[in-house]
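Q: fold the following, please.
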Amino acid sequence: MQLEELKAQTYECWKDLSDFNGALIQSENFEAEVQQFGDLAELKTWQQAYAAFWARNIFDANSDNRTLITTFLNYTPDKWDYELRHQVLEQFLAIPGAMDCIQNGLEQIFGNPIDTQEETIAHGVFKLVSRTARREFTGVSARPTGRLQASTRQS
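A: Okay, the predicted model is just below:
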């Protein structure tokens, strides 16, 4: 993963999140918000910020739990953020109500799959959620921070 691409994607997620929440987008605030996750010179800081911003975007924009499973949580190796899938999902699961959305989406698909491809995707997401939740319960825990934490309290 290239740092410059990650920075650009993180900025887009931050901008979309700010816009979605009706905030005035002030680019000068971006790095200060990313800095909540660590040193701006470190890749892991940008990975954590991206995961947190993208997870919140997914949750805030989710209007269909079936699509949540088949599109937003369906990570394939060809996606640029594939290696961040566990971090994104950890951040997503830390949002109150997120697990209910996943459960509902999986129930919809397993109860009435459109086709075998959709069912295969759902099985993959189920495995990803299981692995990620297990990691969280064994001490590798992600909790929303900063602005995201404030947002989750309002939900």
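Q: most centrally placed residue in the chain?
A: Closest residue to the average C-alpha location of the chain: A55 at 2.3 Å, with C-alpha atoms, centre = their mean.
Q: is it true that that one touches Q91?
A: Yes. Under the criterion of C-beta atoms under 8 Å, A55 makes contact with Q91 at 3.6 Å. C-beta coordinates here come from the backbone N, C-alpha and C atoms, glycine included.
Q: sorry, back to before: how close does the residue nearest to the centre of the chain sit to E31?
A: Note on A55: its distance to E31, by C-beta to C-beta, to the nearest Å, is 20 Å.
Q: check K127 too.
A: Relative to E31, and taking C-beta to C-beta, K127 is found at 36 Å.
Q: out of the two, which sits in the busier spot?
A: Ranked by neighbour count (other C-beta atoms under 10 Å), K127 and E31 place E31 first, with 13 against 10.
Q: list the contacts of the more buried one.
A: L40 (C-beta atoms under 8 Å, 6 or more residues apart in numbering).
Q: shaky segments in this protein?
A: Filtered on pLDDT under 70, the chain yields the residue ranges 21, 135-155.
Q: how about 90 then?
A: Applying pLDDT under 90 to the chain flags residues 1-2, 17-29, 113, 131-155.
Q: next, count neighbours for F110.
A: 14.
Q: actually V34, sorry about that
A: 22.
Q: quick one: contacts for it?
A: 10, 14, 40, 45-46, 49.
Q: again, only using 7 Å
A: 10, 40, 45-46, 49 (C-beta atoms under 7 Å, 6 or more residues apart in numbering).
Q: dump the host helix or strand of it to CSV, keeping only the CA atoms.
A: Assessed by DSSP states H and E, V34 sits inside helix 30-34. Taking only C-alpha atoms (Å, rounded to 0.1, in the frame of the first residue of the first chain), the coordinates of helix 30-34 have been written out as CSV:
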residue,chain,number,x,y,z
PHE,A,30,-8.0,17.3,8.2
GLU,A,31,-4.4,16.6,9.4
ALA,A,32,-5.4,17.6,13.0
GLU,A,33,-8.1,15.0,13.0
VAL,A,34,-5.8,12.3,11.5
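Q: work out the gap between it and the centre of the chain.
A: 18 Å (C-alpha atoms, centre = their mean, to the nearest Å).
Q: re earlier: wait, what's in contact with the residue nearest to the centre of the chain?
A: Contacts of A55 (C-beta under 7 Å, 6+ apart): 88, 91-92, 95.
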